[in-house]
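Asks: I would like the atomic coordinates for the input below:
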Amino acid sequence: MPPLISVIIPTYNRADLLREALQSLTKQTFRNFEVIISDDGSLDSTKEVVEEFSSILNIQYIYQENFGRASRPRNIAIKNAIGQYLAFLDSDDWWVPEKLESSLKALSFGGDIVYHDLIIFRDGLRSKFLQYKVRTMELPDDAYGYLLQYGNTLNTSSVVVKKELFLRSGMFPEDQEFAYGEDYVAWLNLAKLKPRFKRIDAALGYYRVGQESASMPINKLIFYSHLTKLFYAHNNIPAWIKYGIIRAHYQKRDWKECLKQISYVNIFKFKPYDIFKITIMYLVSIIKK
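Replies: Numbering: from 1, shown residues only. Predicted coordinates:
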């Protein structure tokens, strides 16, 4: 019987972390799935790790020259997928055993794309008392408008979507302008097709948090600039983008520009916790300037 689900895993030089992701797949209560490892030019022992699981899992291993981001490896894997559904799993994340079974159940109730919360994980902090969730929101019928207004509410490693639908949406953008937010743009393009989004009210996986690269703030600013040109009038930029611009300048340690961006916004239009964080960034920038 052909696999019903294709699990899409892009990876680059994460052999040990990939092993943990694959181990979580061996424990899935639903078994009719394939795994496609799309290797973006790894120089470590990634291939050897994949071979460890070749007798346990239905694995297809694809190696290509380094692209530098997850979008192209994901798209290559999708084009080689057999399953009716695509399940995305980053190589440093992992799932609980009921993940695929619960996702299929939600899809059977009329969904085209399902998603759920993930538990934040930091290396060295395995205590359950120190865990908290990346929470998602229930999307309304106008998912496209909601995503524009409030930003990304889908964790990539939580998403299972109908392959035919995702192919029609254009898959993940490979443009350099979207280096930071390629998954968000993919969900926007998908939402234009008006699929039925279903949120599973449970945390069915773990999301590993690591340090951002030095280029990440620059990629964020390029992304926000391009995004606003595509989707927003200049005077109608939502608060989440304004906050992202402030934080990107703060991460760059461009204290003068950070203060300038804060001066442009109405602080009371932000959520209380964001107001607190902006206040901290403001005070630090004043001191550092």
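Asks: show me the helices in the stretch 151-289 of the chain, by range?
Replies: In the stretch 151-289 of the chain, the helices defined using DSSP state H, counting those that start in this stretch lie at 163-169, 182-191, 216-231, 239-251, 255-264, 272-288.
Asks: run a quick neighbour tally on the residue lying closest to M281 once chain neighbours are set aside.
Replies: Spatial nearest neighbour of M281, excluding adjacent residues (C-beta to C-beta, 6 or more residues apart in numbering): Y250 at 4.7 Å. C-betas here are computed from N, CA, C, even on glycine. Neighbourhood size, Y250 [other C-beta atoms under 10 Å]: 24.
Asks: what residues of stretch 265-279 count as buried?
Replies: Going by neighbour count (16 or more other C-beta atoms under 10 Å), the buried part of stretch 265-279 is 265, 270, 274, 277-278.
Asks: do the same with stretch 40-56
Replies: Quick answer for stretch 40-56 (16+ other C-beta under 10 Å): 40, 42, 46, 49-50, 53.
Asks: just curious, which of these is nearest to S157?
Replies: D40 (16.7 Å; C-beta to C-beta).
Asks: check contacts around that closest one.
Replies: Contact analysis of D40 by C-beta atoms under 8 Å, 6 or more residues apart in numbering lists 10-12, 64, 66-68, 70, 72-73.
Asks: can you do 6 Å?
Replies: 12, 66-67, 73 (C-beta atoms under 6 Å, 6 or more residues apart in numbering).
Asks: selection in PyMOL covering whichever of those residues are buried, please.
Replies: To isolate the buried members of these in PyMOL, using 16+ other C-beta under 10 Å:
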select buried, resi 12+67+73
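Asks: I'd like to know which of the contacts of D40 is nearest to L227.
Replies: Among these, and counting by C-beta to C-beta, the member closest to L227 is F67, at 21.3 Å.
Asks: domain parsing of this protein, as residue ranges.
Replies: Structurally, the chain divides into domains by automatic domain parsing as follows: 5-208, 216-288.
Asks: just give the nearest non-adjacent residue to G205, would you?
Replies: Closest residue in space to G205, ignoring its immediate chain neighbours: W95 at 4.3 Å, by C-beta to C-beta, 6+ apart.
Asks: does Y206 touch F121 like I think?
Replies: Yes. Y206 lies in contact with F121 (C-beta atoms under 6 Å); the separation is 4.6 Å.
Asks: thinking again about what came up before, by mean pLDDT, show me the worst of the helices of the stretch 151-289 of the chain.
Replies: For these, the weakest mean pLDDT is recorded on helix 216-231, namely a mean of 87.
Asks: what does that helix contact?
Replies: So helix 216-231 is contacted by 148, 177, 179-181, 237, 241, 244-245, 248, 251-252 (C-beta under 6 Å, 6+ apart).
Asks: what are the buried residues along that helix?
Replies: Burial within helix 216-231, assessed by neighbour count using 16+ other C-beta under 10 Å, is assigned to 217, 219-224, 226-228, 231.
Asks: number of nearby residues for V185?
Replies: If you count neighbours by other C-beta under 10 Å, V185 ends up with 24.
Asks: quick one: it from G244, how far?
Replies: 14 Å (C-beta to C-beta, to the nearest Å).
Asks: report the rounded mean pLDDT for the strand of greatest length in the chain.
Replies: Secondary structure of the chain per DSSP state E: the longest strand is strand 197-208. When pLDDT is averaged over strand 197-208, the result is 94.
Asks: what's next to it, contact-wise?
Replies: Residues from elsewhere that reach strand 197-208 (C-beta under 6 Å, 6+ apart): 92-96, 99, 102, 106, 111, 113-114, 116-121, 133-134, 136, 138-139, 143, 157.
Asks: and for stretch 111-124?
Replies: 103, 106-107, 131-136, 154-155, 158-162, 165, 195-198, 200, 202-209.
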